[in-house]
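K.L.:
make a model of this:
(chains A, B, C and D)
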Number of protein chains: 4
Amino acid sequence: MKSSVDVALRVRYAETDQMGHAYYSNYLVWFEVARTNYCRQKGLVYADLEKDDGTFLPVIESHCSYRRPLRYDDRFVVQTTLAELRSRALTFEYKIVSPDEKVLFAEGFTRHVFADRDGRPKSLAREYRQLLSN
Amino acid sequence: MKSSVDVALRVRYAETDQMGHAYYSNYLVWFEVARTNYCRQKGLVYADLEKDDGTFLPVIESHCSYRRPLRYDDRFVVQTTLAELRSRALTFEYKIVSPDEKVLFAEGFTRHVFADRDGRPKSLAREYRQLLSN
Amino acid sequence: MKSSVDVALRVRYAETDQMGHAYYSNYLVWFEVARTNYCRQKGLVYADLEKDDGTFLPVIESHCSYRRPLRYDDRFVVQTTLAELRSRALTFEYKIVSPDEKVLFAEGFTRHVFADRDGRPKSLAREYRQLLSN
Amino acid sequence: MKSSVDVALRVRYAETDQMGHAYYSNYLVWFEVARTNYCRQKGLVYADLEKDDGTFLPVIESHCSYRRPLRYDDRFVVQTTLAELRSRALTFEYKIVSPDEKVLFAEGFTRHVFADRDGRPKSLAREYRQLLSN
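P.N.:
All right, here's what the predicted structure looks like:
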């Protein structure tokens, strides 16, 4: 459950602010791109999970520690691990590092529940649980 | 059909970029806030139009001319007019001005069609047309 | 140091996602709008702090707990308090509630340091500290 | 001056709206990613142009026609051409197509001027003009 999946991104101009840094809410967007990629690498296409299985993963908690600023056009890697997988909830952990992994820019986590189309809690099907925890 | 409805906004830090300007895509977001406000002032709550009537207004064209930059914390007013209202499409025009209306920061338009939940074209109900064109 | 400052906002269409919720990173944007407003109510215009005093408040930590989803066009209030003010850092706490304060949608905090234009740590001038802690 | 440069992207969850479409302002963000990539492929790193040469490219006009909606997780390609390059202004044109180029999702353009750090018009250095028009 602890193998990390990486995705490489680059800071968009849209994501900068007048301080010259990547604005702090964008890290949560990158976390989302990273966990979608995590799921895909594990064989679970999150778009299909919503569409075919009617299972949604609303976020119930987010946290990020910003160590060093990222700037326009910087390349970075988001390393994602599945920190916890329970029947009704899961937690992803993220590290944002330089491509050579020498600099830690930020780290954080997001906690999610499984919900149906109407927001009611549900359990994740066993087959999907097995995919995610491989 | 030409009366203008105003809404006052302020540039968020999130909306700035490293040039110190409001990033150019945010103007389209402000246009959206402005047309929602236009509809509300005319007695049409756009959220209800989607939810109760199953009518959506996807954008088919957007245009913006940027005259002078807006900066963090600047107050501005979006003046919205309904430039065209047909049975299956409508066009909003926008001017972004300083609160005293002496400076024109930007102007543009958005064109929309009426569509049902599945994206198929439909006509706007007569009662809503009358509200919008008042 | 515990008096709360409120700001009322409305969920923009741009801020929704296909789940029909306000997307989770936008809460951090609203926190920013709320702390700018907090400072302004206390007599400190954050834009001037950057421009005139060369003092910046980069975020070093953010946290948010999402209790109930906010949806398009929902009105909500962000209640902001200054939880901690030290010579080189400060912490804001936020609650996002319904206008009648009966529903808690989310709560969180952001931690900031004081930095100069080049990102080096500095102390906040005494006069500004007094304003913020009133 | 008409050779096209492609960049492949994927719709982020953050970019969807409650209609289930990619929200319309994001197309302008993708245009920005595409023109940054265009410049890089031509040998001009836009980040360096700002930092080293003090040359900025503020947008003075944007236009987009939305042909078909893009949805969460859709892959798409932005094809960018330099439509016009003058001493003080340039125009990029964009087509957003499916990876197999069979579907046209959107097309548009952005017009820019060259400006110095203070927003005053300037000319683009000859060496950069040659790079861009190759």
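K.L.:
for chain A, which segments are assigned as strands?
P.N.:
A:5-10, A:59-66, A:75-85, A:89-97, A:104-113 (DSSP state E).
K.L.:
what about chain A, any weak spots by pLDDT?
P.N.:
A:1-2 (pLDDT under 70).
K.L.:
and the lengthiest helix in it, what other elements does it pack with?
P.N.:
Counting residues, the longest helix found in chain A (DSSP state H) is helix A:26-41. Counting contacts by 3 or more C-beta pairs under 8 Å, 6 or more residues apart in numbering or on different chains; DSSP states H and E, helix A:26-41 packs against strand A:5-10, helix A:46-53, strand A:59-66, strand A:75-85, strand A:89-97, strand A:104-113. All C-beta spots, glycine's among them, are computed from the backbone N, C-alpha and C.
K.L.:
relative to chain C, how far out is A:Leu85?
P.N.:
19 Å (C-beta to the nearest C-beta, to the nearest Å).
K.L.:
count of residues packed around that residue?
P.N.:
When neighbours are defined as other C-beta atoms under 10 Å in any protein chain shown, A:Leu85 has 15 of them.
K.L.:
which residues touch it?
P.N.:
A:Met1, A:Thr91, A:Arg129, A:Leu132, A:Ser133 (C-beta atoms under 8 Å, 6 or more residues apart in numbering or on different chains).
K.L.:
how about the residue of chain A most remote from its centre, nearest residue that isn't a chain neighbour?
P.N.:
Relative to the centre of chain A, the most outlying C-alpha is that of A:Gln18, 26.0 Å out, by C-alpha atoms, centre = their mean. Counting by C-beta to C-beta, 6 or more residues apart in numbering or on different chains, B:Thr16 is the residue found nearest to A:Gln18 once chain neighbours are left out, at 4.0 Å.
K.L.:
hmm, back to that, for the helices and strands packed on helix A:26-41, which one sits closest to C:Val59?
P.N.:
strand A:59-66 (5.7 Å; C-beta to C-beta).
K.L.:
ok, and does the closest one reach over to chain C?
P.N.:
Yes - Strand A:59-66 lies within reach of chain C by C-beta under 8 Å from any C-beta of the partner chain, at A:Val59, A:Ile60, A:Glu61, A:Ser62, A:His63, A:Cys64, A:Ser65, A:Tyr66.
K.L.:
residues from chain A in reach of chain C?
P.N.:
Residues of chain A lying near chain C (C-beta under 8 Å from any C-beta): A:18-19, A:21, A:24-26, A:28-29, A:32, A:50, A:56, A:58-66, A:69, A:110, A:119.
K.L.:
give me the buried subset of those residues.
P.N.:
A:18-19, A:21, A:24-26, A:28-29, A:32, A:50, A:56, A:58-66, A:69, A:110 (16 or more other C-beta atoms under 10 Å in any protein chain shown).
K.L.:
ok, A:Val113 to A:Glu61 distance?
P.N.:
10 Å (C-beta to C-beta, to the nearest Å).
K.L.:
swap in A:Val33?
P.N.:
A:Val33 is 19 Å from A:Glu61, by C-beta to C-beta.
K.L.:
what of A:Arg10?
P.N.:
In terms of C-beta to C-beta, A:Arg10 sits 28 Å off from A:Glu61.
K.L.:
returning to what we had before: closest to C:Leu124 out of the helices and strands packed on helix A:26-41?
P.N.:
strand A:59-66 (18.9 Å).
K.L.:
confirm for me that A:Val45 is in contact with A:Cys39.
P.N.:
Yes - counting by C-beta atoms under 8 Å, A:Cys39 is a contact partner of A:Val45 at 7.0 Å.
K.L.:
between those two, which one's more packed in?
P.N.:
Under the neighbour definition other C-beta under 10 Å, A:Val45 and A:Cys39 were set side by side, and A:Cys39 has more, 23 against 14.
K.L.:
for the residue nearest to the more buried one when sequence neighbours are not counted, give me its contacts.
P.N.:
Distance criterion C-beta to C-beta, 6+ apart; nearest residue to A:Cys39, sequence neighbours excluded, is A:Tyr46 at 4.8 Å. Each residue near A:Tyr46 by C-beta under 8 Å, 6+ apart is listed here: A:Arg35, A:Thr36, A:Cys39, A:Arg40, A:Leu57, D:Asp73.
K.L.:
from B:Thr80, how far out is A:Tyr46?
P.N.:
Taken as C-beta to C-beta, the span from A:Tyr46 to B:Thr80 is 37 Å.
K.L.:
and what of A:Cys39?
P.N.:
41 Å.
K.L.:
with A:Asn26 instead?
P.N.:
29 Å.
K.L.:
how about the residues of chain A that lie near chain D?
P.N.:
A:Arg12, A:Tyr13, A:Ala14, A:Val29, A:Glu32, A:Val33, A:Thr36, A:Val45, A:Tyr46, A:Ala47, A:Tyr72, A:Asp73.
K.L.:
of those residues, which is the nearest to D:Lys102?
P.N.:
When those are compared against D:Lys102 (criterion: C-beta to C-beta), the nearest one is A:Ala47, at 20.4 Å.
K.L.:
how about the nearest residue to the closest one, chain neighbours excluded?
P.N.:
D:Asp73 (4.0 Å).
K.L.:
run through the residues that contact that neighbour.
P.N.:
Contacts of D:Asp73 (C-beta under 8 Å, 6+ apart): A:Thr36, A:Val45, A:Tyr46, A:Ala47, D:Arg10, D:Val11.
K.L.:
and the residues you listed, which two are the farthest apart?
P.N.:
Most distant of these, by C-beta to C-beta, are A:Val45 and D:Val11, 13.4 Å apart.
K.L.:
show me the residues around A:Glu84 that make contact.
P.N.:
A:Leu90, A:Thr91.
K.L.:
so what pairs up with it in the strands?
P.N.:
Following DSSP bridges, A:Glu84 is listed with bridge partners A:Thr91.
K.L.:
tell me how far it lies from A:Arg111.
P.N.:
8 Å.
K.L.:
also A:Arg86?
P.N.:
From A:Arg86 to A:Arg111 the distance is 10 Å (C-beta to C-beta).
K.L.:
of the two, which one has the most company?
P.N.:
A:Arg111 (18 against 12).
K.L.:
enumerate the residues of chain A near chain B.
P.N.:
Close to chain B, as judged by C-beta under 8 Å from any C-beta, chain A has residues A:Tyr13, A:Ala14, A:Thr16, A:Asp17, A:Gln18, A:Met19, A:Gly20, A:Tyr23, A:Ser25, A:Arg71, A:Tyr72.
K.L.:
with that, I have no additional questions.
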